[in-house]
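Visitor: Here's a sequence, model it:
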Amino acid sequence: MTRLVAAAQASHPTTAAIQAARTAAAAQVRQAGVWSNPELEVSLGQTKPRMDGVERDSPYGGSLSQRLTWWGVRNARIAAARAQQGAAEAEAQVSLLGLQADVRRAAIIYAAATEAALQAEDEARIASELAALTETRLTAGEADRATVARARLEATTTALQRDARRREVATALAALRIWCDPALPDGLVIADALGSDAPLDSDRLSSAAERHPQLRALAETAGAAAAAVDAERQSRVPDLTVGVFADRENEKDTYGVTLGFEIPLWNQNEAGIAAAEAERAKVHAAARSERLRLRRDLAEALGAAQTAQREATSLTTEAMPVAEEAIRLRQAAFQAGEASLSDLMEARRAVLAVRAELRDARRRAALAVVDLGMAVGDPSLGADVPDAARP
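Guide: This is a model prediction of the structure:
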């Protein structure tokens, strides 16, 4: 399972999208610290004298100015961009979390389909052998044609089920190849896809849920919203513009410096500050809502996983031994001529039903564990971490 997840992370477009988001966030940080470009102005004019004897003139000149942002405004702007970068990184971890969960679900579906196909192969083979046995008995005068027809029908039915299970395996493998690697072999075996019978500690899971990447992303987003509010408040301080100019006329040259700043008379950025504060309040409300959702998901997934695990355990330890003993006794009685084919088929259907229920319980348990991992922020529930690295 770990290798499949790694293959998906290496090739899936989600990873490229995450890297692009990281690059964009880093670019925003760099842009926030860039100085404003200087402004160059060139002038060329023509005088028109209003007195006789005064010659016409063509004055010309130029000016160069630089807009300077106060340190507090610039630092607040950079802090807001860095906070957004942290939020983008946290959102990337959430996206990777969803990718891991999707791959694990696809692997579980494929593993369950493979197990069902193997059982269908065995059932089709046994049904075919029973049909051949009844035909032999018919030749020996120990069975009638109705029994042979019944056996042939069972063989045909199990063969159809076997073919259907094979198609389900092919479909599940095709989906898994889309997630992970088109070169996955046809006979792929995932050893730990349905191994979800480990005991679940609700206290440990609740503690792990407090470190969920989604909560960290919301915390980073809240920090970015607070930094945005500070940046909007600091932006009320007007920038300072410093410049030099030079003008040349017929009989004189003029040089000077300029100093200017915006007078915040009509616009004090009240709307920008109010919008940033509203966004911060919305982020805090979303964080509380998300925390409640994660708690609800944790409770539901934990209940579903424990229920499915207990059902699988009961079927394995209680139902399966009884069903296998019943089919063993029926087969012995049928071979000895003490039981009819109907009795044997009835026992076989009971075994098939128990096996199907066990397979479904294991599949539901594995999927519930993935959902549980999504609720705590680790789809593997620590299964991919070596024992020496566990806290």
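
Visitor: Surely residue 290 is in contact with residue 219?
Guide: No: using Cβ atoms under 8 Å, residue 290 makes no contact with residue 219, being 10.5 Å away. For glycine as for every other residue, the C-beta is placed from the backbone atoms N, C-alpha and C.

Visitor: The residue most central in space within the chain: what secondary structure?
Guide: Residue closest to the average C-alpha location in the chain (Cα atoms, centre = their mean): residue 98, at 1.5 Å. What DSSP: H, G, I helix; E, B strand; the rest coil gives for residue 98 is helix.

Visitor: Who are the contact partners of it?
Guide: Under the criterion of Cβ atoms under 8 Å, 6 or more residues apart in numbering, the neighbours of residue 98 are 14, 374.

Visitor: State the distance from it to residue 105.
Guide: 11 Å (Cβ to Cβ, to the nearest Å).

Visitor: What of residue 163?
Guide: 25 Å.

Visitor: Have a look at the two and say which one is more surrounded.
Guide: residue 105 (19 against 13; other Cβ atoms under 10 Å).

Visitor: Could you check the pLDDT of the more buried one?
Guide: Looking at residue 105, its pLDDT is 91.

Visitor: burial measure for the nearest residue to it once chain neighbours are set aside, as a count.
Guide: Leaving out its chain neighbours, the residue that sits closest to residue 105 by Cβ to Cβ, 6 or more residues apart in numbering is residue 370, at 5.7 Å. Residues near residue 370, counting by other Cβ under 10 Å, number 23.

Visitor: helix/strand/coil for the residue nearest to residue 171 when sequence neighbours are not counted?
Guide: Spatial nearest neighbour of residue 171, chain neighbours left out: residue 113 (7.8 Å); criterion: Cβ to Cβ, 6+ apart. Under three-state DSSP, residue 113 falls in the helix class.

Visitor: Over to residue 65?
Guide: Going by three-state DSSP: residue 65 is strand.

Visitor: For it, give its distance to residue 188.
Guide: Applying Cβ to Cβ to residue 65 and residue 188 gives a distance of 68 Å.

Visitor: Next: residue 42.
Guide: 72 Å.

Visitor: for residue 14, same thing?
Guide: Distance from residue 14 to residue 188, by Cβ to Cβ: 22 Å.

Visitor: same deal with residue 335?
Guide: From residue 335 to residue 188 the distance is 38 Å (Cβ to Cβ).

Visitor: Who has more neighbours out of the two?
Guide: The residue with more neighbours, out of residue 335 and residue 188, is residue 188; 17 against 11, by other Cβ under 10 Å.

Visitor: Per-residue confidence at that one, what does it come out as?
Guide: On the pLDDT scale, residue 188 gets 88.

Visitor: With residue 164 instead?
Guide: Reading off the model, residue 164 has pLDDT 95.

Visitor: Now do the same contact list for it.
Guide: residue 120.

Visitor: And it, which helix or strand is it part of?
Guide: Here residue 164, judged by DSSP states H and E, is contained in helix 145-179.

Visitor: and what of residue 349?
Guide: Assigned by DSSP H and E, residue 349 falls in helix 341-376.

Visitor: how far does that helix sit from the chain's center?
Guide: 28 Å (Cα atoms, centre = their mean, to the nearest Å).

Visitor: what does stretch 47-55 give?
Guide: Worked out by Cα atoms, centre = their mean, stretch 47-55 lies 79 Å from the chain centre.

Visitor: And stretch 32-52, by the same measure?
Guide: 56 Å.

Visitor: tell me which residues in that stretch are buried?
Guide: residue 32 (16 or more other Cβ atoms under 10 Å).

Visitor: Stretch 204-219 now?
Guide: Quick answer for stretch 204-219 (16+ other Cβ under 10 Å): 205, 208-209, 212-218.

Visitor: what's the answer for stretch 241-252, then?
Guide: Quick answer for stretch 241-252 (16+ other Cβ under 10 Å): 241, 243, 245, 247.

Visitor: I would like the residues contacting it, please.
Guide: Stretch 241-252 is contacted by residues 39, 43, 55, 57, 59-68, 253-261 when judged by Cβ under 8 Å, 6+ apart.

Visitor: Just the ones of the residues you listed in helices?
Guide: Counting by DSSP state H, no part of the contacts of stretch 241-252 is found in helices.
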